[in-house]
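**Q** sequence unavailable; structure follows:
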């Protein structure tokens, strides 16, 4: 079995550092998008509050005031749904990018470990076949377990996304129906 040279070790560390910074940049990009969305939402909410206050103060009687208030509820629900969808889209896109990068890095690490195990098996002393077989078996079991968990996680995310979309549609439909009855 050959040990990595200092150059190989340094190259591996550099590659790992690049992956870390790449993932960190993706996380910061997502956070910046969320911050921008929050600023836009706050600006719009402030402007809308100002408009509503002026409209409410211009009501001539209590019925007019309450009619205006009822009219404000529908757009607020729609804006909340729109905000929730935007947050979900940003978080989902960021998570997908990070997951893709992490999966690529993990696949590369698995290949490196597999190569190390194969190299160790070729250079193992006589009589160590059972130990080498146990190591290979453990590596294969760990890889299979990871793939199973990864698949289950992806399925759970798909179900959650589907449920989120269904809930959004239901709330949007109920909101439109409430608007029509007002």
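**A** Cool, got the structure. What you see is a predicted model, and the numbers here were worked out from it, not measured in a lab.
**Q** against residue 77, how distant is residue 121?
**A** Noted for residue 121: a distance of 63 Å to residue 77, by C-beta to C-beta, to the nearest Å. Where you see a C-beta, it was placed from the backbone N, CA and C, and this is true even at glycine.
**Q** longest helix anywhere in the chain?
**A** As assigned by DSSP state H, the longest helix anywhere in the chain is helix 62-122.
**Q** name the next helix or strand following that one along the chain.
**A** Toward the C-terminus, helix 62-122 is succeeded by helix 129-181 as the next helix or strand (DSSP states H and E).
**Q** and the angle for that next one with helix 62-122?
**A** With axes from the mean of the first three to the mean of the last three C-alpha atoms, to 10 degrees applied, the angle from helix 129-181 to helix 62-122 works out at 170 degrees.
**Q** for helix 129-181, packing partners?
**A** Where contact means 3 or more C-beta pairs under 8 Å, 6 or more residues apart in numbering; DSSP states H and E, helix 129-181 is packed against helix 62-122.
**Q** taking the mean pLDDT, what do you get for the helix it packs on?
**A** When pLDDT is averaged over helix 62-122, the result is 84.
**Q** pull the distance from it to the chain's centre.
**A** 3 Å (C-alpha atoms, centre = their mean, to the nearest Å).
**Q** helices or strands up against it?
**A** Where contact means 3+ C-beta pairs under 8 Å, 6+ apart, helix 62-122 is packed against helix 6-57, helix 129-181.
**Q** so which of those helices is nearest residue 117?
**A** helix 129-181 (5.7 Å; C-beta to C-beta).
**Q** could you give me the average pLDDT of the closest one?
**A** Helix 129-181 comes out with an average pLDDT of 76.
**Q** show me how far it is from its chain's centre.
**A** Computed by C-alpha atoms, centre = their mean, the chain-centroid distance of helix 129-181 equals 12 Å.
**Q** repeat that for stretch 28-43.
**A** Relative to the chain's own centre, stretch 28-43 is displaced by 16 Å; criterion: C-alpha atoms, centre = their mean.
**Q** what about it, average pLDDT?
**A** 95.
**Q** so for it, what gets flagged as buried?
**A** 30, 33, 41 (16 or more other C-beta atoms under 10 Å).
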